[in-house]
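# Could you look at this predicted model? Sequence included:
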Amino acid sequence: MLILISLIGGCARRHGDFSADYFPTVDAPALSIAMQQPEIIVSVSPVRQTMQIGGSIPALVGAGISAIQDDRYGIQIRDALAGFDSNERFKQLLRDAVAAHLDRVPGQVQPFSTSAGFHTLRDARDARLEGLKKSGYDLLLDFDLSYGIYGPEGLLAARIVGHISDIDTGKVLWSNTITAYSLDLFADMKWRDPMQRITPSLLSPRFSSAEDAVTKWTKDGGAPLKASLEEVMHRAIAAVFTDLGFEDNFDGAYTLGVHAYLNKAYGEAEALLSRACALDPDHREASNALALAKAANNATDEALTIAQDLAAKNPEYLPSQYNIAWFYAVLLNDAQGARPYYEKAIALGASPSRRLKKAMN
């Protein structure tokens, strides 16, 4: 099963002046949706990431090699998506969600494009709002969308940068950057945003290559890619409306809970993931994430109980086997207890980290 999480970027601003009760009072909302990319981004080659540590010249060479490889992989991905307009699908899913929560179809307006001709960016923004006000609008929803396949793990990512503004006052009521990723969670995972090519992406205990990253999506005529793209887009959108206070459902609780976990807000993560598991007790990714949050909050016994129950129900699910081995060997200093889970994780394809290997010796 594809595992999808939502991450709210650490640099994003979140305003507390918006509530779901605000929407019914709006008479004339305006919606803009921007998408800078002409098609899906394919950025799976690890060459640039590997070579950058050697200095500027190796970085440039690595970037060139990456571009060539990514272009080759991109052709395969685009062929697999033939007949499926993923750009338009992402936009339409968002339009439908906005209209459903507004209980009306908002006016479509052009995204903010440039500050040319103005002294400052603020002047350009104010002029845009004044123009929209003269056109009769009272609320502006701006969204910028991006998505693609990233890193040798072949992670799908869908990102929404959103701003909601009161047109009359110019006040920004809500602003956030939310990203949904396809991702397995491991206790010793070293996370880097795979959409930022300047840094190494996710380092997980799973064997992978750029070729693997592409072929897993292009098999069966691209059916897995089309279905999973729509799912990751849906999850990103659901996370937006959960963050806005419109929804209380599994997708929202799970995605925001994993966001909190990856940003080391472990108390918040545990609360959100507990809610997600209450809404869908059989969801293995949510149970796995909750176990990790419990462990991060020093509730190792509870984490083990959750993870072992998950492993018993899903013996071929690699993350639970690996994480139990970590809990035993690293957190409890019990290599003997970890052994069967460690060996099972390796049999399922794990490449254990140095720390786990050391703890097992």
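Ah, there it is.
# What are the buried residues along stretch 182-193?
Residues 182-189, 191, 193 are the ones in stretch 182-193 that count as buried (16 or more other C-beta atoms under 10 Å). Using the backbone N, CA and C atoms, a C-beta is placed for each residue, glycine as well.
# Helix, strand, or coil at Arg78?
helix (DSSP: H, G, I helix; E, B strand; the rest coil).
# same question, His234
For His234, the assignment made with three-state DSSP gives helix.
# which one is it nearest to, not counting chain neighbours?
Of all residues not flanking His234 in the chain, Leu93 sits nearest, at 6.2 Å (C-beta to C-beta, 6 or more residues apart in numbering).
# Hmm, that neighbour is touching Arg235, no?
No. Using C-beta atoms under 8 Å, Leu93 is not in contact with Arg235, being 10.4 Å away.
# more crowded one of those two?
Taking other C-beta atoms under 10 Å, Leu93 and Arg235 do not tie; Arg235 has more neighbours (25 against 18).
# which stretches of the stretch 51-200 of the chain have low pLDDT?
Residue ranges of the stretch 51-200 of the chain with pLDDT under 70: 51-71, 115, 197-200.
# same thing but 50
Scanning the stretch 51-200 of the chain for pLDDT under 50 picks out the ranges 51-66, 68, 198-200.
# where along it do the strands fall?
With DSSP state E, counting those that start in this stretch applied, the stretch 51-200 of the chain shows strands at 107-108, 139-150, 155-166, 172-182, listed in chain order.
# Make CSV from those strands and add distance to Leu318 to it.
Formatted as CSV, the strands of the stretch 51-200 of the chain follow (distance: least, C-beta to C-beta, whole Å):
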stretch, distance to Leu318
strand 107-108, 44
strand 139-150, 20
strand 155-166, 16
strand 172-182, 15
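# closest to Lys357 among the buried residues of stretch 182-193?
Nearest to Lys357 among the buried residues of stretch 182-193: Asp188, at 10.8 Å, using C-beta to C-beta.
# What separation do you get for the closest residue in space to the closest one that isn't next to it in sequence and Glu130?
Residue nearest to Asp188 in three dimensions, not counting chain neighbours: Ser353, with 4.8 Å by C-beta to C-beta, 6+ apart. For Ser353, the distance to Glu130 equals 55 Å [C-beta to C-beta, to the nearest Å].
# So these two - more neighbours on which side?
Higher neighbour count among Ser353 and Glu130: Ser353, with 20 against 12, using other C-beta under 10 Å.
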